[in-house]
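1. how would this look folded up:
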Amino acid sequence: MFERFTRGARATVKGAVAQAERAGAGSVTEEHLLLALLEQEGGRAAFAVTALGLHDRRASLDAAFAEARRRGGLTRADTDALAGIGIDLGAIVSRVEGAHGEGALDADRRGRRGWWSGHRPFTPGAKTVLENALRVALGRGDRFIGEEHLLLALTAKPGVVADVLAEHGATYTAVQRALYGPDAGRGDAGGQGHAQAG
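-> As a prediction, this is how the structure comes out:
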């Protein structure tokens, strides 16, 4: 599948690995893919990210991801659902951190496989994003997978990244419109083979 990636998409994947390395993470997550996309310059995804104001709210995105990691990767919807049945996740996190230290529920602190070999595997969620990027590209009739397809796939996969993006106004529909115009998603096949591999 990687041979179908454009230069920008390849740079994003390599950037995600670099993000994981800088964070000391044992694996590459969806969050790392998004952070790598935010660093891209030029191309459709960078345009959409700028148009949606995500560059200007990078600190807010980082804070939202840090809070989600602190909650053990649970989304706000998960937290609200637990609160609905009387479980105060904030209190649980505080007690766990009191006993085991700050960030004890952070999934990145666990499972540092691969650190000794320099290889950082992609999490199942990150792999799903890459697979869904192919589906997005095929659904649009594009022959190659560009960083714009990765961005759309990140908004479509339920979880923390999609929730944080939605909280910042970057839903699947909003990203699609920023990428392809106001009529995107209304039966417009658009994007016929625009991306080119490099």
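
2. Okay, helices next: where are they in the protein?
-> 7-23, 30-39, 43-51, 58-70, 76-84, 89-100, 124-140, 147-156, 160-167, 172-180 (DSSP state H).

3. where among the ones you listed is the average confidence lowest?
-> Between the helices of the chain, the one with the least mean pLDDT is helix 89-100; it has a mean of 69.

4. before we move on, the earlier item: for the helices of the chain, give me a markdown table that also has mean neighbour count.
-> C-beta here means a position set from N, CA and C on the backbone, and glycine is covered the same way. Compiled in a markdown table, the helices of the chain are given as follows (neighbours: other Cβ atoms under 10 Å):
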| stretch | mean neighbour count |
| --- | --- |
| helix 7-23 | 19 |
| helix 30-39 | 24 |
| helix 43-51 | 20 |
| helix 58-70 | 16 |
| helix 76-84 | 14 |
| helix 89-100 | 13 |
| helix 124-140 | 19 |
| helix 147-156 | 27 |
| helix 160-167 | 20 |
| helix 172-180 | 20 |
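
5. so which of those comes closest to residue 1?
-> Set against residue 1 and scored by Cβ to Cβ, these come closest in helix 124-140, at 5.9 Å.

6. So which elements touch the closest one?
-> helix 7-23, helix 30-39, helix 147-156 (3 or more Cβ pairs under 8 Å, 6 or more residues apart in numbering; DSSP states H and E).

7. can you list the helices of the chain in CSV and add distance to residue 1?
-> Shown next, in CSV, are these (distance: least, Cβ to Cβ, whole Å):
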stretch, distance to residue 1
helix 7-23, 10
helix 30-39, 15
helix 43-51, 18
helix 58-70, 26
helix 76-84, 30
helix 89-100, 37
helix 124-140, 6
helix 147-156, 12
helix 160-167, 20
helix 172-180, 21
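
8. Check the contact between residue 17 and residue 120; I expect there is one.
-> Yes - using Cβ atoms under 8 Å, residue 17 is in contact with residue 120, at 5.9 Å.

9. Which among the helices and strands packed on helix 124-140 is found nearest to residue 177?
-> Between residue 177 and those, the shortest gap by Cβ to Cβ is with helix 147-156, which sits at 11.2 Å.

10. hmm, who's touching that closest one?
-> Here helix 147-156 makes contact (Cβ atoms under 8 Å, 6 or more residues apart in numbering) with 6, 8-9, 11-12, 30, 33-34, 37, 40, 43-46, 48-49, 129-130, 132-137, 140, 142, 161-162, 165-166, 170-172, 175-176, 179, 195.

11. rerun that using 7 Å as the cut-off
-> 8-9, 12, 30, 33-34, 37, 40, 43-45, 48, 129, 132-133, 136-137, 161-162, 165, 170-172, 175-176, 179 (Cβ atoms under 7 Å, 6 or more residues apart in numbering).

12. same deal with stretch 50-64?
-> Taking Cβ under 7 Å, 6+ apart as the rule, stretch 50-64 contacts 38, 49, 164, 167-170, 174-175, 178.

13. From start to finish, how long is it in a straight line?
-> 19 Å (Cα to Cα, to the nearest Å).
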